[in-house]
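Chemist: okay, predicted coordinates and the sequence, questions at the end:
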Amino acid sequence: MTVESTAARGKPRRPAAKRTAGKRQQPEPGPKPEMVQLLTPEGERVEHPDYALETTPEQLRELYRDMVLTRRFDAEATALQRQGELGLWPSLLGQEAAQIGSGRALRETDYVFPTYREHGVAWCRGVDPTKLLGMFRGVNHGGWDPASNNFHLYTIVIGSQALHATGYAMGVVKDGADVAVVAYFGDGASSQGDVAEAFTFAAVYNAPVVFFCQNNQWAISEPTERQTRVPLYQRAQGYGFPGVRVDGNDVLAVLAVTRAAAEHARTGQGPMLVEAFTYRMGAHTTSDDPTRYRRKEELEVWEAKDPLLRLRRLMERENAADDAFFTDLDAESDALARRVREAIRTMPDPDGMAMFEHTYADGHTLVDEERAQYGAYVASFADHHEGD
Amino acid sequence: MAAEKMALAKALNSSLRKALETDPKVLVMGEDVGRLGGVFRITDGLQKDFGEDRVIDTPLAESGIIGTAIGLALRGYRPVTEIQFDGFVFPAYDQIVTQLAKMHARSLGTVKLPVVIRIPYGGGIGAVEHHSESPEALFAHVAGLKIVTPADPADAYWMLQQAIQCDDPVIFFEPKARYWDKGEVDPAGIPGPLHAAKVVRAGGDLTLAAYGPTVKTALAAAAAAAEEDGTSIEVIDLRSVSPIDFDTLQRSVEKTGRLVVAHEAPVFFGSGAEVAARITERCFYHLQAPVLRVGGFHAPYPPARLEEEYLPGLDRVLDCVDRALAY
């Protein structure tokens, strides 16, 4: 993978299968952008000269299990939002391969900076799924210690974490460590100045960052045409590092490409941009109504490219799993969903005074004063009741 | 290093040098801080002595500077960043407000971000637009940030040491008009608390609170008032804008019964407004006059030929003092 090879990938053109609301745009003529694919939607293995991948049946089963459990967890969270247990849920439906493929390409010592939709990556990093729910239930702003799993807190402001990842990676260089840092972001974030600045900093300091862009085609209601005139992976060329587009619904290709990008980073070759070309099958969040801006036909096109379905087809084709595997996995999925339901229904509300905690590490007299005043106010009701 | 008379700029330089020597995790980063030594030469010679790895010339992108400093802090470093001028901090405002200030709370205390943001601020140097502003109140409104500003070389030296050692993000506003003022710095001394206000001139008739570049003006006003009318003004250098040391202010105002707050920033929603509200609440029965404020106007910082009109100079401060005494 060289910088030059990025330049050679296709003419600037719009990615396929997107329309602006109310105004159909004809796809431009010309060859499709090159996209790394190792597994077709029909479940056939194909080879790519730059990204070889050997897989055992066991690895296929593990990847499939990860994706099934992630999808089940995600569906459960969506249901819990509908039942009023969560205030909001950003579903990852359709992006399982992009997240599991990239997440499983990493080592324990690598470090991940997610957006707020990286539930599959969190799963790969070993973050308990129930911990992801706290912020969407409203009991905290992120309920896990980033250092425990080298998985940073979800970042809601779009693109901010790309700079944190880059700074972290600059520190990795100073430490002489063998670590890849992954910055997840989306097609919408590619328009943010912070992402552009992260590209600049990572390039000039040769920082070991994998910029992993899940192009899911939609930034809430805005299609990728509203963010870019060139395929996103080509942006890397202008910054002087390689960029590659991978079929984001192909877990094997994502695994192979992310492995290569992480190794590129760990071996001192600097940053790399991976554009996982995928699709957000659900709404932006549970508060969104995608029927207002996109057509059913588009969804059907992507349903045919489903990441789980194609891996299952491959497994069946290669006899990589028996019936018992799938039956057991169904049971495991249901058990996970049950555990998530129980966890959310028993999740305690934070103590009323908790908002004063952790504002500062070394304390602040104003916080102390307000905590004392509010504490006294709350206590005054207790006194009143006792007095009754 | 023995006690020595030095300019405030040199005190900052010595303090950064000390921090780089003491803690291998301390980094200095910003635009032109390396080979040039910064546009005000505050980082002069540091890259030569500590290397490009620790004194880092960054790309010209303020959000990038703060955003990567956050990442470096997450990796265990203690970045001391420089924003070249007050008016250039705004591209980084998002990273400061939404990320830097909140990450400790968001992580329930598991993530500490010991990032220092040095910002030369204030006017009086005849500069072009965006080079003379005092945006401290825009940051003081944000929980999670600490804001300090030294007024003399000794405080510049020690407060920067303490800011770097602090586990919270600290915005360190440097009074650029006072960079070349000299004072005694004793690196072997023992500093007071970072966020404590300091009585820099004792008096009994009125309390005059100021910070950063305005402390010098306040002292001059107190001297003039003593000489002209025999008025005894107690001058308090606040030193810290978040938190503010209201206890020291309260003690003084309970004694004098009058308070004037002076700062270069616009008075509207400025730190003087917060001081007025809190001190009125704490000292209501001691006050013989409303707390008055003198400072910048609700107008963009004017062209340099007008800045003496805009800034709270000696005459405007004394006028405000007279109004407070007239009640």
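Modeler: That came through fine.
Chemist: hey, let's count contacts and neighbours off CA atoms from now on
Modeler: OK.
Chemist: go ahead and confirm residue B:134 touches residue B:265.
Modeler: Yes - at 4.9 Å, residue B:134 counts as touching residue B:265 under the criterion of C-alpha atoms under 8 Å.
Chemist: list residues touching both of the two?
Modeler: residue B:122 (C-alpha atoms under 8 Å, 6 or more residues apart in numbering or on different chains).
Chemist: who has more neighbours out of these two?
Modeler: residue B:265 (28 against 24; other C-alpha atoms under 10 Å in any protein chain shown).
Chemist: please work out the average pLDDT along the strand or helix carrying the more buried one.
Modeler: Residue B:265 belongs to strand B:259-266 when assigned by DSSP states H and E. The average pLDDT for strand B:259-266 rounds to 98.
Chemist: what packs against that strand?
Modeler: strand B:206-210, helix B:214-229, helix B:271-283, strand B:292-296, helix B:314-326 (3 or more C-alpha pairs under 8 Å, 6 or more residues apart in numbering or on different chains; DSSP states H and E).
Chemist: which residues of the stretch 101-250 of chain B lie near chain A?
Modeler: Contact residues (C-alpha under 8 Å from any C-alpha of the partner chain) of the stretch 101-250 of chain B with chain A: B:102, B:104-112, B:143-145, B:166-168, B:243-244.
Chemist: and these, which of them are buried?
Modeler: Among those, the ones that count as buried by 16 or more other C-alpha atoms under 10 Å in any protein chain shown are B:102, B:104-108, B:110-112, B:143-145, B:166-168, B:243-244.
Chemist: may I have stretch B:127-135 as PDB, with CA atoms only?
Modeler: This file holds the C-alpha atoms of stretch B:127-135, laid out as PDB (Å, rounded to 0.1, in the frame of the first residue of the first chain):
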ATOM      1  CA  ALA B 127      -1.800  45.500  18.400                       C
ATOM      2  CA  VAL B 128      -4.100  44.700  15.500                       C
ATOM      3  CA  GLU B 129      -7.600  43.200  15.900                       C
ATOM      4  CA  HIS B 130      -7.800  39.900  17.900                       C
ATOM      5  CA  HIS B 131      -4.500  40.500  19.700                       C
ATOM      6  CA  SER B 132      -5.800  42.400  22.800                       C
ATOM      7  CA  GLU B 133      -8.800  40.600  24.200                       C
ATOM      8  CA  SER B 134      -9.600  39.300  27.600                       C
ATOM      9  CA  PRO B 135     -11.900  36.300  27.200                       C
END
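Chemist: how far is it from where the chain is centred?
Modeler: Averaging C-alpha positions (C-alpha atoms, centre = their mean, to the nearest Å) puts stretch B:127-135 15 Å from its chain's average.
Chemist: stretch A:338-345 too?
Modeler: 23 Å.
Chemist: just say which of the helices and strands packed on strand B:259-266 is most tucked in.
Modeler: strand B:206-210 (a mean of 28; mean count of other C-alpha atoms under 10 Å in any protein chain shown).
Chemist: just checking: what are the partner strands of that strand?
Modeler: If you go by DSSP bridges, strand B:206-210 pairs up with strand B:233-237 (parallel), strand B:259-266 (parallel).
Chemist: excluding chain neighbours, what is closest to residue B:103?
Modeler: residue B:111 (6.7 Å; C-alpha to C-alpha, 6 or more residues apart in numbering or on different chains).
Chemist: wait, isn't the one you found in contact with residue B:100?
Modeler: No - Residue B:111 is not in contact with residue B:100 according to C-alpha under 8 Å; the separation is 10.6 Å.
Chemist: between those two, what contacts are shared?
Modeler: By C-alpha under 8 Å, 6+ apart, no residue touches both residue B:111 and residue B:100.
Chemist: next up, the contacts around the residue nearest to residue B:103.
Modeler: Residue B:111 touches A:145, A:146, B:74, B:103, B:104, counting by C-alpha under 8 Å, 6+ apart.
Chemist: any idea which of those has the most stuff around it?
Modeler: residue B:103 leads these on contacts (other C-alpha under 10 Å) with 25 neighbours.
Chemist: can you give me the helices in the stretch 151-300 of chain A?
Modeler: Assigned by DSSP state H, counting those that start in this stretch, the helices in the stretch 151-300 of chain A fall at A:160-175, A:193-204, A:235-239, A:251-266, A:296-303.
Chemist: tell me which of those helices sits most buried.
Modeler: Using mean count of other C-alpha under 10 Å, helix A:160-175 ranks as the most buried of those, with a mean of 28.
Chemist: counting by contacts, list what that helix packs against.
Modeler: strand A:111-113, strand A:181-186, helix A:193-204, strand A:209-215, helix B:62-74.
Chemist: for residue B:286, which of the ones you listed is the nearest?
Modeler: helix B:62-74 (44.2 Å; C-alpha to C-alpha).
Chemist: got the angle between the closest one and helix A:193-204?
Modeler: 70 degrees (axes from the mean of the first three to the mean of the last three C-alpha atoms, to 10 degrees).
Chemist: dump helix B:62-74 to CSV, restricted to CA.
Modeler: C-alpha atoms of helix B:62-74 as CSV (Å, rounded to 0.1, in the frame of the first residue of the first chain):
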residue,chain,number,x,y,z
GLU,B,62,-5.7,25.6,17.6
SER,B,63,-8.4,22.9,17.9
GLY,B,64,-5.7,20.5,16.9
ILE,B,65,-3.3,21.7,19.6
ILE,B,66,-5.9,21.3,22.4
GLY,B,67,-7.4,18.1,20.9
THR,B,68,-4.1,16.3,20.6
ALA,B,69,-3.0,17.7,24.0
ILE,B,70,-6.1,15.8,25.4
GLY,B,71,-4.9,12.6,23.7
LEU,B,72,-1.4,13.1,25.0
ALA,B,73,-2.8,13.6,28.5
LEU,B,74,-4.8,10.4,28.1
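Chemist: tell me the helix or strand right after that helix.
Modeler: Following helix B:62-74 in sequence, per DSSP H and E, is strand B:78-82.
Chemist: that following strand vs helix B:62-74, what angle?
Modeler: Using the same axes, to 10 degrees: strand B:78-82 against helix B:62-74 is 170 degrees.
Chemist: and the pLDDT at the most centrally placed residue in chain B?
Modeler: Centroid-nearest residue in chain B: residue B:149, 1.8 Å away (criterion: C-alpha atoms, centre = their mean). Per-residue pLDDT puts residue B:149 at 98.
Chemist: check the one 5 residues further on too.
Modeler: The model reports residue B:154 with a pLDDT of 98.
Chemist: so it sits against residue B:186, correct?
Modeler: Yes - using C-alpha under 8 Å, residue B:154 is in contact with residue B:186, at 7.2 Å.
Chemist: domain map for chain B?
Modeler: B:4-185, B:198-326 (automatic domain parsing).
Chemist: same question for chain A.
Modeler: According to automatic domain parsing, the ranges for chain A are A:3-345, A:354-387.
Chemist: what's the average pLDDT for the longest one?
Modeler: Across domain A:3-345, the average pLDDT comes to 92.
Chemist: state the distance from residue A:319 to chain B.
Modeler: As defined by C-alpha to the nearest C-alpha, to the nearest Å, residue A:319 lies at a distance of 45 Å from chain B.
Chemist: using the three-state scheme, assign that residue.
Modeler: coil (DSSP: H, G, I helix; E, B strand; the rest coil).
Chemist: give me the number of residues near it?
Modeler: When neighbours are counted by other C-alpha under 10 Å, residue A:319 registers 11.
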